[in-house]
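Q: here's my sequence, what's the structure:
(one chain, ligands or ions: 1)
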Amino acid sequence: MAKINDFNFAGLKAIVRVDFNVPLNEKGEITDDTRIRGAVPTLKKILNDGGALIVMSHMGKPKGKINSKMSLSQITSAVAAALACPVKFAQDSADAKSQADALKPGEVLLLENLRFHPEEEGKPVGIEKDDPNYDAAKKEMKARQIEFAKTLASYADVYVNDAFGTAHRRHASTAVIADFFDDDHKMLGLLMEKEVTAIDNVMKNAQHPFTAIIGGSKVSSKLSVIKNLLDKVDNLIIGGGMGYTFVKAQGGHIGDSLHEDDLMPEALNVIAAAKEKGVNLSLSVATLAADRFDNEANRQTVDIFNIPDGWMGMDASEESLENWKKIILDSKTILWNGPVGVFEFENFAHGTGEIAKYVAEATQNGAYSLVGGGDSVAAVNKFGLADQVSYVSTGGGAMLEAIEGKTLPGVAAILGE
Ligand code: AMP
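A: The predicted structure follows:
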């Protein structure tokens, strides 16, 4: 399998799938260019070698239709600034052959939003799943997806995938295209390599004790993650809004705290499975409760099994944090996904900030730590600790699917599985 750092792109054209799905304001200006900066090392490596670049990405959810608000033409100048070289633009990703053919070493062509073509996602449009013709439409779209991928592949000699954020999708540009390149001419980009290594460090090669900290709002969105982790971790800390479902399932009184009644049986299954597998499941013991969902709400620390009516658990208490601190500082591998409180409110951000500090401290003491999933990334950034953990993942959905134990199509298309 080709490795980007061992590959010489001199005289070759590389088509690179990046994640330039950057947020824009109403004026079409980029409000956060992290994703563009994330792709720069891969793109520069190719240009510095003397290769030519065809860069492709999606933006937003145009659902297979042209939508000027999601045109990548809006970010051409930002990409040019990041690469410190001019960037040409191809108005139609499916009709860029002549522009690609004309590219010289060191030149860059950015393709229009791939998702303007329904073939990119490969889902039939304008037909519901219960329609008797749906299966036929799906089959036809899959065939068109292969053709679209073939067209994209025809622009270049080499395919590089550096879009971790869409690695969990089997789209034309993220996976199908890889079939049109032999093993020596397809590879992961530098950002993808880092993400895959980070995930392997926790999911395949973890040093023990291995602790997962899972927080956030809902059990439903993280149940598969929790179940898969039960076979791998020594300690499982469950905090944040999802913890109250576990408490209620055990007969606790949680007042007005966030919870999902239909997931109580699953919560009990998790508790039983943890016991059976010898996993130390650590739930919150007391909580900082509020009398309304507001930063300025009245606050009191209460036993998590006895939250008064009219009050809701909003942040981890000192007692819970003391327990979790010991566990985290004792760990050799740490995976953190999801805040342990409503950290967007200053008065309920303390617990999440403390967790970030413990993870940073454990990392300083030699543990390997991976932080991933939108809100925990926002949390380590908020507390200025992003550079004090081993790795901060950029792909929320892809990272969650990887820790659910699923194969990522974008990775498998290159590395095989
Ligand atoms: P998730 O996207 O599932 O990781 O959830 C992140 C969200 O969970 C954040 O917006 C937090 O404010 C929220 N959250 C964490 N703890 C609580 C809680 N105790 N009550 C309500 N929401 C919470």
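Q: residues from the protein in reach of the ligand?
A: Residues of the chain lying close to the ligand by C-beta under 6 Å from any ligand atom are 216-218, 221, 240-241, 258, 313-314, 338-339, 341-344, 373, 375. Every residue, glycine included, has its C-beta placed from N, CA and C.
Q: 5 Å instead, please
A: Residues of the chain lying near the ligand by C-beta under 5 Å from any ligand atom: G216, S217, G240, G241, L258, G338, G341, V342, D375.
Q: determine which two of these are furthest apart.
A: Greatest spacing in these, by C-beta to C-beta: L258 and D375 (14.2 Å).
Q: from the stretch 201-350 of the chain, which residue is nearest to the ligand?
A: G216 (2.5 Å; C-beta to the nearest ligand atom).
Q: could you look up the SS state of that residue?
A: coil (DSSP: H, G, I helix; E, B strand; the rest coil).
Q: which pLDDT value belongs to it?
A: For G216, the model assigns a pLDDT of 93.
Q: please apply the same query to D294.
A: So D294 comes in at 97 (pLDDT).
Q: show me what contacts it?
A: F345 (C-beta atoms under 8 Å, 6 or more residues apart in numbering).
Q: in which helix or strand does it reside?
A: Using DSSP states H and E, D294 falls within no helix or strand.
Q: centre of the chain to the lengthiest helix in the chain, how far?
A: The longest helix of the chain (DSSP state H) is helix 134-153. Computed by C-alpha atoms, centre = their mean, to the nearest Å, the chain-centroid distance of helix 134-153 equals 26 Å.
Q: so the residue lying closest to I36 once chain neighbours are set aside versus N113, what's the distance?
A: In space, and not counting its chain neighbours, I36 is closest to A82: 5.1 Å by C-beta to C-beta, 6 or more residues apart in numbering. Applying C-beta to C-beta, to the nearest Å, the value for A82 to N113 is 18 Å.
Q: what segments of the stretch 51-200 of the chain are strands?
A: Using DSSP state E, counting those that start in this stretch, the strands of the stretch 51-200 of the chain run over 52-56, 88-90, 108-111, 158-161, 186-188.
Q: may I have the first one as CSV, with CA atoms only?
A: This means strand 52-56. Output of strand 52-56 as CSV, limited to C-alpha atoms (Å, rounded to 0.1, in the frame of the first residue of the first chain):
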residue,chain,number,x,y,z
ALA,A,52,-0.3,19.0,-9.9
LEU,A,53,-3.4,19.1,-7.7
ILE,A,54,-7.1,18.4,-8.4
VAL,A,55,-8.8,19.2,-5.1
MET,A,56,-12.4,18.0,-4.5
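Q: give the rounded mean pLDDT of it.
A: Here the average pLDDT along strand 52-56 is 98.
Q: same question for the second one.
A: Regarding strand 88-90, the rounded mean pLDDT is 98.
Q: name the strands paired with it and say parallel or antiparallel.
A: strand 108-111 (parallel) (DSSP bridges).
Q: please compute how far stretch 119-132 lies from its chain's middle.
A: Counting by C-alpha atoms, centre = their mean, stretch 119-132 is centred 25 Å from the centre of its parent chain.
Q: stretch 75-92 now?
A: 25 Å.
Q: equivalent analysis for stretch 328-345, please.
A: With C-alpha atoms, centre = their mean, you get 16 Å for stretch 328-345.
Q: and stretch 55-70, by the same measure?
A: Distance, centroid of stretch 55-70 to centroid of chain: 19 Å (C-alpha atoms, centre = their mean).
Q: pLDDT on the longest helix of the chain, on average?
A: Rounded mean pLDDT across helix 134-153 is 97.
Q: thinking again about what came up before, out of the residues of the chain next to the ligand, which end up buried?
A: The neighbour count (16 or more other C-beta atoms under 10 Å) marks G216, S217, G240, G241, L258, G338, G341, V342, D375 as buried among those.
Q: next, count neighbours for the closest residue to the third one other than its chain neighbours.
A: Nearest-residue entry for G240: G215, 3.3 Å, with adjacent residues in sequence omitted and distances by C-beta to C-beta, 6+ apart. If you count neighbours by other C-beta atoms under 10 Å, G215 ends up with 28.
Q: does G215 really touch I238, like I thought?
A: Yes: using C-beta atoms under 8 Å, G215 is in contact with I238, at 7.5 Å.
Q: could I get the helix or strand bottoming out on mean pLDDT in the chain in PDB with only the CA atoms?
A: Here the helix or strand of the chain ranked lowest by mean pLDDT, DSSP states H and E is helix 374-382, holding a mean of 83. Extracted in PDB, the C-alpha atoms of helix 374-382 (Å, rounded to 0.1, in the frame of the first residue of the first chain):
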ATOM      1  CA  GLY A 374     -17.800  17.700  18.200                       C
ATOM      2  CA  ASP A 375     -18.600  18.900  21.700                       C
ATOM      3  CA  SER A 376     -15.600  17.400  23.500                       C
ATOM      4  CA  VAL A 377     -13.400  19.000  20.900                       C
ATOM      5  CA  ALA A 378     -15.100  22.300  21.500                       C
ATOM      6  CA  ALA A 379     -14.500  21.700  25.200                       C
ATOM      7  CA  VAL A 380     -10.800  21.100  25.000                       C
ATOM      8  CA  ASN A 381     -10.500  24.200  22.800                       C
ATOM      9  CA  LYS A 382     -12.600  26.300  25.200                       C
END
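Q: noted, bye for now.
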